[in-house]
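K.L.:
Provided below are the primary sequence and the corresponding predicted coordinates.
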Amino acid sequence: PKSTGRATMTSAEETPTPTPTAVAERPRDILTELLPQRPGRGTAGKEVNLIVNSFPLHLNLKQIHLYDVVFVPEIPSDSKFLRKTIVSKCIDDLRALYGTHFYDNTRIWAVKRVDGTNEFHSEKGGISVRYLKSMSLDEISLEEQEMVVHIILSKSIRKAQLTRIGRNYFEQNQSLDDTFTVRETGFPLIKLWRGYSVSVEPTMSGLQLKADVYSRVLQEQTVRDMMDSIEADVRQKMRNTSKDQQQREVKERVMAELSGSAVLTMYNRKVWRIHDVDYNISVLDTFVKEDDGKEISYQEYFEKMYQMPCKSTKAGMLVHIPKRKGRGDPDRRIVLAPELCFLTGLTKKMKSNYRFMRQMADKTRLGASKRYEAGQKLVRRLEATINDTNRKMIAEADGKEPDEIKLEGVDPERLDMPLTLEAQQKPLKGRVLDPLQVTMAKGSGRGEFRKIEIDALRGLKLEWGNCAFVNSKIEPLGKWGIFYEDQDKARMLMAEIQRLAESWGLWEREIRAPKLIQVPDYHAERVPHYKAWEDILERYL
């Protein structure tokens with residue numbers, strides 16, 4: 001919605017212009033000074049090319065200006081949703097005055113400098129924006145750059161027709177028909193909705209966009225199907241009891257199954273955490289809408305708002321209690337129709353079934369090259385979205401067609417999204433070690449050893465369960481000891497060591513009995529705990 005307020009700039013006489021903050025010297029990198037230098041790269045093995053799912057990105061800003069935001073009337077800082085709503089109401093006036101800007105709940109980062117204090121008003125409330133300082137990109141920490149980049153990326157992801165579900169992103173128009181399925185006897189049909197995991201991380205080489213493939217698990221049955229299944233099972237097993245007892249059992253089992261679980265509503269692509277099941281209402285009950293104050297039934301609301309009819313009129317509606325504050329209603333809750341909610345995630349029963357989890361692994365685990373290609377494809381898609389948005393903004397201001405606009409050398413103040421992504425990774429080298437020789441002891445009981453060549457990356461893992469232990473060289477363990485405070489635990493440890501060594505044929509031959517040394521009680525000695533250990537270790541070692 002367009003802003004209903006007007007931007008009013010305070011004159012210099014009313015509010016003195018703050019003196020720009022002097023450019024401070026960048027602090028010394030203490031870690032670089034204290035930590036040892038990286039040693040030279042090794043030459044063992046053979047050199048190979050590596051690929052990673054991190055892609056460089058850069059802010060195209062030479063300078064950025066910081067502003068303080070004060071809400072009138074005052075709104076608590078944890079009421080982020082209400083704060084963001086008020087700022088969005090003034091978006092047109094903010095853009096006209098400050099150009100491209102980024103809001104982070106308490107401050108505004110903008111590409112234009114406007115001294116003094118400016119006030120903006122809307123029907124939801126007002127804000128006062130005060131100039132603080134100007135900084136070059138070199139003066140901004142990677143963490144602050146990460147915040148600005150995250151705002152730009154979120155905007156570009158929305159424009160790229162991707163929707164956020166939980167902490168990941170999926171195709172906005174993707175339906176359940178486009179998913180992968182997992183079938184296993186005794187379990188409901190599982191659908192895997194493939195999307196992307198996207199995050200920005202500061203590194204020693206600058207900011208990196210980490211993009212990976214992510215799969216959300218959806219059960220084909222709705223929450224209402226699950227509730228009906230539980231009810232039928234209870235009615236069958238407790239047919240000789242009263243209906244009240246049966247109903248109490250149904251409620252307890254449904255709550256045990258749903259409380260704290262996450263469900264997905266496909267009509268708006270949102271994930272909800274379930275806190276309660278209200279059996280006092282059904283889709284036929286009514287509520288008062290927040291926007292116009294009219295009373296409407298849940299059934300009519302879902303059909304009019306989302307074109308999703310609810311056929312089941314049984315009692316029992318899902319309740320989600322939002323964490324967001326500042327809406328003036330501490331008891332606010334969101335009611336969901338079980339018929340329109342799909343269960344997500346895996347149950348304990350599913351996770352404990354080997355065949356089921358094997359199918360899940362086959363469908364969700366992609367090879368390194370495919371994961372890299374998927375991430376690269378996403379980065380190119382976001383890059384194209386950012387460039388198209390910037391061209392449209394400049395074309396609109398210049399009265400030209402977007403195809404006529406060249407972005408090279410354009411002033412960053414004219415860009416809606418001053419961000420550059422690199423879909424092509426810089427060459428990265430690594431080394432694969434040659435197979436190494438290890439000594440493996442079999443549990444023959446005679447202490448016999450045999451040497452075999454094992455691939456350090458694969459063979460060692462495969463052979464691990466077939467040998468008693470692995471070491472490059474076995475040295476007899478003669479003079480050694482166990483320091484302890486609890487005598488019973490020390491004896492248990494000693495017994496277990498002896499049992500294993502005897503099974504390998506090493507006891508008394510390669511491993512001799514240790515000396516058991518008790519640490520004095522530091523309470524009785526009236527000394528610090530560490531001091532009691534320090535004294536006994538110095539005495540023997």
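P.N.:
Happy to help now that I have it. Residues are numbered from 1 along each chain as shown.

K.L.:
quick one: contacts for Pro202?
P.N.:
142-143, 145-146, 208 (C-beta atoms under 8 Å, 6 or more residues apart in numbering). Using the backbone N, CA and C atoms, a C-beta is placed for each residue, glycine as well.

K.L.:
which pair in those spans the largest distance?
P.N.:
Largest separation among these by C-beta to C-beta: Glu143 and Gln208, giving 13.7 Å.

K.L.:
between these two, which one's more packed in?
P.N.:
The neighbour count for Glu143 versus Gln208, taken as other C-beta atoms under 10 Å, is higher for Gln208 (20 against 8).

K.L.:
for the more buried one, name its beta-bridge partners.
P.N.:
With DSSP bridges applied, Gln208 shows beta-bridge pairing to Pro56, Glu201.

K.L.:
for it, give its distance to Glu502.
P.N.:
For Gln208, the distance to Glu502 equals 53 Å [C-beta to C-beta, to the nearest Å].

K.L.:
again, but for Phe102
P.N.:
68 Å.

K.L.:
for Lys311, same thing?
P.N.:
For Lys311 relative to Glu502 (C-beta to C-beta), the value is 69 Å.

K.L.:
pretty sure Ile296 contacts Phe287?
P.N.:
Yes. Applying C-beta atoms under 8 Å, one finds Ile296 in contact with Phe287, separated by 7.0 Å.

K.L.:
packing partners of the strand or helix carrying Lys251?
P.N.:
According to DSSP states H and E, Lys251 maps onto helix 243-258. Identification of packing neighbours for helix 243-258 by 3 or more C-beta pairs under 8 Å, 6 or more residues apart in numbering; DSSP states H and E yields helix 223-237, strand 276-278.

K.L.:
the following helix or strand past that helix pairs with which strands?
P.N.:
Going down the chain from helix 243-258, the next helix or strand is strand 262-265, by DSSP H and E. Partner strands for strand 262-265, per DSSP bridges, with pairing direction: strand 270-273 (antiparallel), strand 341-344 (antiparallel).

K.L.:
distance to Met204 and mean pLDDT added to the ones you listed, as TSV?
P.N.:
Converted to TSV, these look like this (distance: least, C-beta to C-beta, whole Å; pLDDT from 0 to 100):
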stretch	distance to Met204	mean pLDDT
strand 270-273	35	87
strand 341-344	37	88
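
K.L.:
what's the most buried one of these?
P.N.:
strand 341-344 (a mean of 21; mean count of other C-beta atoms under 10 Å).

K.L.:
following it, which helix or strand comes up?
P.N.:
helix 348-351.

K.L.:
run the chain-centre distance for that next one.
P.N.:
In this view, helix 348-351 has its centroid 23 Å away from the chain centroid, taken as C-alpha atoms, centre = their mean, to the nearest Å.

K.L.:
what's next to it, contact-wise?
P.N.:
Residues outside helix 348-351 that contact it (C-beta under 8 Å, 6+ apart): 187, 190, 356-357.

K.L.:
tell me the average confidence for that helix?
P.N.:
Averaging pLDDT along helix 348-351 yields 81.

K.L.:
in it, what counts as buried?
P.N.:
Using 16 or more other C-beta atoms under 10 Å as the test for burial, helix 348-351 gives Met350.

K.L.:
what does stretch 199-207 give?
P.N.:
Within stretch 199-207, the residues that count as buried by 16+ other C-beta under 10 Å are 200, 207.

K.L.:
again with stretch 515-529
P.N.:
Buried residues in stretch 515-529 (16+ other C-beta under 10 Å): 519, 522.
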